[in-house]
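**Q** Just to be clear, the model below is a prediction. Sequence and coordinates:
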Amino acid sequence: MKKKNQETPLLSIIVPVYNTEEYLNRCMESITNQTYKNLDIVLVDDGSTDRSGQICDLWAKKDKRVKVCHKDNGGLVSARKEGVLLSKGMYIAHLDSDDWIELEMYEEMIQLATKNDADIVTSGIIRDYANHTVVEQEAILPGVYSGKHLQEELWPNIVDVNHFFKTNLNIHITNKLFRRELLLKHQMELPNTVKMGEDAAVVYPVLFDATCIVVSGKCYYHYVIHQSSMMNAKSNSENGCDDIETLFLKQIDEKSSNIMNIGQQLSTVLQYIRLFENPDKAIKIQNNRIVPFTNLVQGNKVIIYGAGRVGTRVHDSLCKTDFCDVVGWCDKIVTGQVISLEDALSYNFDRIIIAILITDIADEVEKLLMDKGISKEQICRMGMNE
C-alpha cells in the first residue's frame, strides 16, 4: 500500500510574472482554489514595472503556500529556471500569469501521475479569444504509454512529419505535469537568451527522455489570447534558434537508435520555430517560387487568411518583398488592417494563402474557401502544395 505522501505528493507550480497586473489575480484564484491542496506555489516577479510585484506579495500574505521571488528582468526562460530551482515538489507544473486553469486540473493530473508512476502527464488546451473559445484536444489517444507502447506508438508520432507542422502532443509546457528531476535536467540546459520556441526546447527533450507518459484526454488549461500576448510573441532573438538546434542535435545523437524518426520530428519543430524567430529567413524565394508556399507564382495578387502569430509574420514578410502583391488580409476576427473574408473575396486576386499552422483549422478554412467557389489551385497551404 502506498503511503499518504505518495498519494498526495507536493506539487510545485511555477508562475513567471511580468507586467500582468490585469490578469494575475484571476490566475492566482484558479491556482489557490484548486481541489488539490498540497501545492508549493512559486511566483517569480521578473522585474515587473506595474503593480504585479505588489500583487504577488499580497498573495504570499494571503496564502502560506505562496512564495515570491523578485528578480531583475531576465526574460521568461530565466524566470522559469529560477522558479524550478526554488521548487520543492515531487512534480512541477508551469503556468503563465495571464492564463488560468480549471479547478480540478491538478487533482486529476496528480492522480494519473501517482497511479502510474508517470514522468509526465499531458492534456489539451483551451484557447480563449476575445469573443470565442477553441478547444484543442491531444491527437494521440488517451492512455498510459511506457515500454513498447511508448517506443512504438507515442515517440514516433509526437510530431506529424507529413505536414508542415502538426503536433499530436502539443508544444506547450503549461498544460503538463513533470517529474521534478526530469524537468530540471532539461530546463537548466536552455540558455536564457532564447526568446522564441522556449516551450518546445524543453518539452520535446523531456518527452523523448521519459519512461512513462500519461495522455489524459482532458483539457484544463485556458490560454488567453490578448493584444499584449500577441505583441510579446513578436520578440525576436539573434541566435535563439541556433541554441535550440544544438539541444535538438544532442537529443538526436542520444535517441536515434530508439526513435528512428526523431531527426525528422525535431527538424520539423525547428523549421516551425524559425518561422517565428526570423520570418524573413524562413520565407524565401527559390527558383522563382516562394518557400514554403510552393504554388505561389511571382507577380500573383494574393489574399492572406489568418491574423494570428503565423499570419502576422507571413503578412509582414510578404509585404517586404516584391515577389507578390498582397491585396488583402482577412480572418474570422476583423480588426485594424484585417478585414472579413467576404470583403476580401470582393478583391481581384490570384491566390489565397492560408497562414495557419494548425492543420485541422487550416483544413476547415480550406473547406470554407472551396464552399465559396475558390478552386483548390487558388489555395496555398504552407508546405502542402507541390
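**A** In hand now; what should we look at?
**Q** can you point me to the longest strand in the chain?
**A** strand 212-224 (DSSP state E).
**Q** all helices of the stretch 101-250 of the chain, in order?
**A** 105-116, 147-149, 180-187, 198-209, 227-232, 240-255 (DSSP state H, counting those that start in this stretch).
**Q** typed the wrong thing, it's the stretch 251-386 of the chain
**A** Counting by DSSP H, counting those that start in this stretch, the stretch 251-386 of the chain has helices at residues 262-277, 279-282, 309-320, 341-344, 359-371.
**Q** Can you tell me which of those is most buried?
**A** helix 262-277 (a mean of 21; mean count of other Cβ atoms under 10 Å). Where you see a C-beta, it was placed from the backbone N, CA and C, and this is true even at glycine.
**Q** Can you name every helix or strand that it contacts?
**A** If you count contacts as 3 or more Cβ pairs under 8 Å, 6 or more residues apart in numbering; DSSP states H and E, helix 262-277 packs onto strand 159-160, helix 198-209, helix 240-255, helix 279-282, helix 309-320.
**Q** Report the angle between it and helix 198-209.
**A** Calculated by axes from the mean of the first three to the mean of the last three Cα atoms, to 10 degrees, helix 262-277 forms an angle of 170 degrees with helix 198-209.
**Q** who touches K255 in this structure?
**A** Under the criterion of Cβ atoms under 8 Å, 6 or more residues apart in numbering, the neighbours of K255 are 208-209, 262.
**Q** circling back: for Y272, find the nearest of the helices and strands packed on helix 262-277.
**A** For the helices and strands packed on helix 262-277, proximity to Y272 was assessed by Cβ to Cβ; helix 198-209 is nearest, at 7.9 Å.
**Q** Contacts made by the closest one with the rest, please.
**A** Residues outside helix 198-209 that contact it (Cβ under 8 Å, 6+ apart) are 76-77, 80, 119-120, 155, 158, 169, 171-174, 176, 178, 182-183, 185-187, 189-190, 194, 213, 243-244, 247-248, 251, 255, 259, 262, 265-266, 269, 272-273.
**Q** Can you flag the buried ones in the residues you listed?
**A** For the contacts of helix 198-209, a neighbour count by 16 or more other Cβ atoms under 10 Å gives the buried set as 76-77, 80, 119-120, 155, 158, 169, 171-174, 176, 178, 182-183, 186-187, 190, 194, 213, 243-244, 247-248, 251, 255, 259, 262, 265-266, 269, 272-273.
**Q** For the longest strand of the chain, could you pull out the residues that count as buried?
**A** 212-216, 218-224.
**Q** Equivalent analysis for stretch 126-142, please.
**A** Under 16+ other Cβ under 10 Å, the buried positions of stretch 126-142 are 126-128, 136-140.
**Q** So which of the residues you listed is the closest to L318?
**A** Of all those, L318 sits closest to R127, with 25.1 Å by Cβ to Cβ.
**Q** how about the contacts of K255 in CSV, adding distance to K367 and pLDDT?
**A** Listed next are the contacts of K255 as CSV, based on distance: Cβ to Cβ, whole Å; pLDDT from 0 to 100:
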residue, distance to K367, pLDDT
F208, 34, 94
D209, 39, 95
I262, 33, 92
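**Q** residue contacts, the residue most central in space within the chain?
**A** The residue lying closest to the centre of the chain (Cα atoms, centre = their mean) is H172, at 3.8 Å. The neighbourhood of H172, defined by Cβ under 8 Å, 6+ apart, consists of 125, 199, 203, 221, 223.
**Q** so what pLDDT did the closest residue to the second one other than its chain neighbours get?
**A** Right, D199. Spatial nearest neighbour of D199, chain neighbours left out: I173 (4.4 Å); criterion: Cβ to Cβ, 6 or more residues apart in numbering. pLDDT for I173: 97.
**Q** Okay, now the unreliable bits of the stretch 101-250 of the chain?
**A** Filtered on pLDDT under 70, the stretch 101-250 of the chain yields the residue ranges 163-165, 227-239.
**Q** Just flag the most distant two among the contacts of H172.
**A** It's V203 and Y223 that sit farthest apart of the contacts of H172, by Cβ to Cβ, at 14.5 Å.
**Q** would you list the helices and strands packed on helix 262-277 in JSON lines and tack on distance to I354?
**A** Listed next are those as JSON lines, based on distance: least, Cβ to Cβ, whole Å:
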{"stretch": "strand 159-160", "distance to I354": "17"}
{"stretch": "helix 198-209", "distance to I354": "22"}
{"stretch": "helix 240-255", "distance to I354": "24"}
{"stretch": "helix 279-282", "distance to I354": "16"}
{"stretch": "helix 309-320", "distance to I354": "9"}
